[in-house]
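In: give me coordinates for this.
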Amino acid sequence: MALRIGAVGDVRLRRALNEWADTHAEWLRLDDKRDWAAALATLEDRHDLEPQPHVLAVADVLATTLALDAFDTALLRLLVAVDRLPRACALAEAWSENGRDLPGLLGQAAGAAPVDAGRAVRRSAALRLGLASFRANRRGVIEVSLRWSLERLVDRAAAEHASVVATLIGPHQDARLTLADFAHVTDADFLTRLLMGAARDRASGVNILIHGPPGTGKTELARTLAQAAGLALYGVGEADDDGDEPDRWDRVTALQLAQRLMAPAGGAALLFDEMEDLIGDAKPVNGDWISGRSGSKVFVNRLLETNDVPVIWTTNTLGNVDAAILRRMSFVLRLDLPTPGAARRMLERIATKEGDRPVRPGWKP
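Out: Numbering: from 1, shown residues only. Predicted structure coming up:
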């Protein structure tokens, strides 16, 4: 980045670069001549003398997991560095504050030709997958902004594959019940076979929607169906450990990332609890009109048609779901409250697994 900034014949930029170099001269091992090529060679010679920052190590694991090409890998590292590493951040600020195109600079630094650098960044995997974006601050200076999923990843994950996948996708959903506990759900066996067939045949566009009032066990049924089908179930785009709440776009991009991460290996299903987050505040009004729709209807339709990993959706209210979305569901299941006997069996099984005391005699669901 410094070499490219120094190559621009702009007095203000050169002054800003010299100020940056003065601040970091000891680290750069620069003399008064400011020989950038020599500085780069020096840094390359001592690359193993300074540990790689953790955030870049995590970015490398993510790039490998997503099978990114050389350009997208380099760009992902640069985006993380500019957001999290003070030296890179200062260089980016010096560039942007002098009215220069930050995406273009990062694109060139990642290996794109100058004439195509900005376009290459806009089409990059990092931006298309919603990992990062660019924004203008209060002074109108363009900055890198890590999105919720990538920000959480570099803050929480270890630099290893399993940790990156678990942090990026969401928690593994372990079943606490069995199909016998859902004997009152007549379609449970069919849904299990549907999931098994989707995983076996690598079928695209398999979506199951479970709807019903709160407390009916929609999430528990989703976990049980996945376990009975022999699939690992992951909840995508849920609130993090600090209680920070993802918005609609965060959850949608988390779903897309999960699809890309889990599809190659197979053997998994995804749980998107509270489908209301996908459709926003959309609700039917007079005739065929839908009011309050968030985002693109075509985008949602294609998302449902092309998912390579089966998705189980849940919602409390089916009335707000567009008919076009319902038509793209492989199966729509209404889940009512269990019978008193079934509810008692469920509670006893969960209490036993949680190490709690048995349900007291005479308890009524």
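In: need the CA coordinates for stretch 10-21. CSV is fine.
Out: Output in CSV follows, covering the C-alpha atoms of stretch 10-21 (Å, rounded to 0.1, in the frame of the first residue of the first chain):
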residue,chain,number,x,y,z
ASP,A,10,0.7,14.2,-5.3
VAL,A,11,2.4,16.6,-2.9
ARG,A,12,-0.2,16.1,-0.2
LEU,A,13,-0.1,12.4,-0.4
ARG,A,14,3.7,12.3,-0.2
ARG,A,15,3.6,14.6,2.8
ALA,A,16,1.0,12.3,4.5
LEU,A,17,3.1,9.2,3.6
ASN,A,18,6.3,10.8,5.0
GLU,A,19,4.4,11.6,8.3
TRP,A,20,3.2,8.0,8.4
ALA,A,21,6.8,6.8,7.8
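In: quick one: it to chain centroid distance?
Out: Centre-to-centre, stretch 10-21 and its host chain are 37 Å apart (CA atoms, centre = their mean, to the nearest Å).
In: over to stretch 89-108?
Out: Using CA atoms, centre = their mean, the offset of stretch 89-108 from its chain centre is 26 Å.
In: same question, stretch 162-175
Out: Relative to its parent chain, stretch 162-175 has a centroid offset of 11 Å by CA atoms, centre = their mean.
In: can you check stretch 186-199 too?
Out: Between the centre of stretch 186-199 and the centre of its host chain there is 27 Å, according to CA atoms, centre = their mean.
In: show me what counts as buried in it.
Out: For stretch 186-199, burial by neighbour count (16 or more other CB atoms under 10 Å) applies to 187-188, 191-192, 194-196, 198-199. Quick note: C-beta positions are derived from backbone N, CA and C, even for glycine.
In: which member of these is positioned nearest Ile169?
Out: Distance to Ile169 across the buried residues of stretch 186-199 (CB to CB) is lowest for Ala199, with 16.5 Å.
In: which helix or strand contains that closest one?
Out: Using DSSP states H and E, Ala199 sits in helix 188-201.
In: so where do the helices sit in the stretch 101-250 of the chain?
Out: Secondary structure of the stretch 101-250 of the chain, counting by DSSP state H, counting those that start in this stretch: helices at 102-109, 117-122, 125-128, 148-156, 161-169, 188-201, 218-228, 248-262.
In: of all those, which one is nearest Val80?
Out: By CB to CB (comparing all of the helices of the stretch 101-250 of the chain), the closest turns out to be helix 148-156, at 6.0 Å.
In: what is that closest one packed up against?
Out: Here helix 148-156 touches helix 54-65, helix 70-84, helix 161-169, helix 248-262, going by 3 or more CB pairs under 8 Å, 6 or more residues apart in numbering; DSSP states H and E.
In: and among the ones you listed, the most buried is which?
Out: Among the helices and strands packed on helix 148-156, ranked by average contacts under mean count of other CB atoms under 10 Å, first place goes to helix 70-84 (a mean of 22).
In: what's the angle from that one to helix 54-65?
Out: Inter-element angle recorded for helix 70-84 and helix 54-65: 150 degrees (by axes from the mean of the first three to the mean of the last three CA atoms, to 10 degrees).
In: in the helix or strand following helix 70-84, what's buried?
Out: Following helix 70-84 in sequence order, the next helix or strand is helix 86-97 (DSSP H and E). Counting neighbours by 16+ other CB under 10 Å, one finds that the buried residues in helix 86-97 are 87-88, 90-96.
In: now do the strands in the stretch 251-365 of the chain.
Out: Assigned by DSSP state E, counting those that start in this stretch, the strands in the stretch 251-365 of the chain fall at 268-272, 280-284, 290-293, 311-315, 331-334.
In: in terms of mean pLDDT, which of the ones you listed ranks lowest?
Out: The minimum mean pLDDT among those belongs to strand 290-293 (a mean of 45).
In: roughly how far does Leu30 sit from Ala2?
Out: 10 Å (CB to CB, to the nearest Å).
In: who has more neighbours, the two?
Out: Ala2 (22 against 19; other CB atoms under 10 Å).
In: now Asp181: how far from Ala175?
Out: For Asp181 relative to Ala175 (CB to CB), the value is 10 Å.
In: common neighbours of those two, please.
Out: Applying CB atoms under 8 Å, 6 or more residues apart in numbering, one finds that Asp181 and Ala175 are jointly contacted by Thr224.
In: low-confidence ranges in the stretch 1-150 of the chain?
Out: Within the stretch 1-150 of the chain, the ranges that satisfy pLDDT under 70 run 32-34, 36-37, 39-49.
In: the same query, at a cut-off of 50, please.
Out: By pLDDT under 50, the stretch 1-150 of the chain contains no weakly predicted segment.
In: just to revisit the earlier point, in TSV, list the helices of the stretch 101-250 of the chain along with distance to Gln52.
Out: Shown next, in TSV, are the helices of the stretch 101-250 of the chain (distance: least, CB to CB, whole Å):
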stretch	distance to Gln52
helix 102-109	17
helix 117-122	23
helix 125-128	19
helix 148-156	13
helix 161-169	15
helix 188-201	37
helix 218-228	37
helix 248-262	23
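In: closest to Asp273 out of those helices?
Out: Going by CB to CB, the one of the helices of the stretch 101-250 of the chain nearest Asp273 is helix 218-228, 5.9 Å.
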